[in-house]
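[1] Below is the structure, and that's it, no one-letter string:
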């Protein structure tokens, strides 16, 4: 298999692990800088150039598209798709995970558990949105945030209104969610590859921080999911059409609740916490899919 890894960070842990896992399994692998592509559009004849040269025949690509490169990166992924190159995560799936509102709309329409959520379209909607999710305390999120950025816990109605007004005034699209108190400071990352969870960890926030993201200093430990949690994680990945995805769950008293999907999940935290060769699982899945196409 000739494999391309789309990444702007060839020395990052995730990119290095994927490249090493592919090489160890005898595949030809190249790390391709996402921003160095030029897209050629001709009727019925899609093409790509990389560093000024025509892109040769790839069997598959693995997109590692950061949030700052979503639009350009997904355009490149879409072009590879049009050239009949396999990708575990489609451009459409990546775009849908980058918008929390879209993600939650799709999940809820397929009866996958999510926290009670309301979208705030304008200042006049603020009070009704807060009431919809049961009142303060509430979680306030920017629709486009990542790694815990733009996620705020408002303990009171007055504070919630002030924060939402400030975000709206800055041009942000905002959702509010019920604060699930029993989960304060913890969540579960289920790493889905294909139709199964290959590794999972419980993340815990440090100190008074309620966000458990590793980028915010959270600690992680391996965890064995129960059958319901696994089924929810796999179903969420399927709804978004993603073959490789991190599914973040809250362990609420009412069952697992999906809060976010990450279509370019980091490998260092999950591999360190669990000891699972997640990169190898990804490469083997992509290779199988290429053979079965």
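    Received, thanks. All values derive from a computational prediction rather than experimental measurement.
[2] ok, residue 182 touching residue 253?
    Yes: using CB atoms under 8 Å, residue 182 is in contact with residue 253, at 5.6 Å. (Glycine included, C-beta is placed from N, CA and C.)
[3] And stretch 149-166, what's buried?
    Residues of stretch 149-166 classed as buried: 150, 151, 152, 153, 154, 157, 159, 160, 161, 163, 164 (neighbour count, 16 or more other CB atoms under 10 Å).
[4] want to throw the residues you listed into CSV with distance to residue 33, secondary structure and pLDDT?
    Converted to CSV, these look like this (distance: CB to CB, whole Å; DSSP: H, G, I helix; E, B strand; the rest coil; pLDDT from 0 to 100):
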residue, distance to residue 33, secondary structure, pLDDT
150, 27, coil, 76
151, 30, strand, 89
152, 34, strand, 92
153, 38, strand, 93
154, 40, strand, 95
157, 48, helix, 94
159, 43, helix, 96
160, 42, helix, 96
161, 44, helix, 96
163, 38, helix, 95
164, 39, helix, 96
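[5] Where does residue 75 fall, secondary structure wise?
    In the assignment (DSSP states H and E), residue 75 maps to helix 70-82.
[6] so what's the backbone phi/psi at residue 37?
    Main-chain torsions, residue 37, degrees, to the nearest 10: phi -90, psi 150.
[7] Next secondary structure after the helix holding residue 75?
    Towards the C-terminus, the helix or strand next in line after helix 70-82, according to DSSP H and E, is helix 91-97.
[8] Does that following helix pack against any helices or strands, and if so which?
    On a contact count with 3 or more CB pairs under 8 Å, 6 or more residues apart in numbering; DSSP states H and E, helix 91-97 meets helix 70-82, helix 100-109, strand 255-262.
[9] want to throw the ones you listed into a markdown table with mean pLDDT?
    Converted to a markdown table, those look like this (pLDDT from 0 to 100):
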| stretch | mean pLDDT |
| --- | --- |
| helix 70-82 | 96 |
| helix 100-109 | 97 |
| strand 255-262 | 96 |
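[10] so of these, which one's packed in deepest?
    Neighbour counts averaged per stretch over those are highest for strand 255-262, at a mean of 22; criterion: mean count of other CB atoms under 10 Å.
[11] buried stuff in the one helix or strand residue 131 maps to?
    Here residue 131, judged by DSSP H and E, is contained in helix 126-132. Burial within helix 126-132, assessed by neighbour count using 16+ other CB under 10 Å, is assigned to 126, 129, 130, 132.
[12] neighbouring contacts of it?
    Around helix 126-132, the neighbours that count as contacts under CB atoms under 8 Å, 6 or more residues apart in numbering are 116, 118, 119, 120, 136, 138, 157, 160, 161, 164, 165, 176.
[13] For the first one, grab phi and psi.
    Here the main-chain torsion angles of residue 116 (degrees, to the nearest 10) amount to phi -60, psi 130.
[14] you'd agree it is up against residue 134?
    Yes: with contact taken as CB under 8 Å, residue 116 and residue 134 are classed as touching, separated by 6.6 Å.
[15] what residues are shared contacts of these two?
    By CB under 8 Å, 6+ apart, the residues touching both residue 116 and residue 134 are residue 178.
[16] which ones are touching the residue sitting furthest away from the middle of the chain?
    The outermost residue of the chain, judged against the average C-alpha position, is residue 43 (32.6 Å), by CA atoms, centre = their mean. By CB under 8 Å, 6+ apart, residue 43 lies in contact with nothing.
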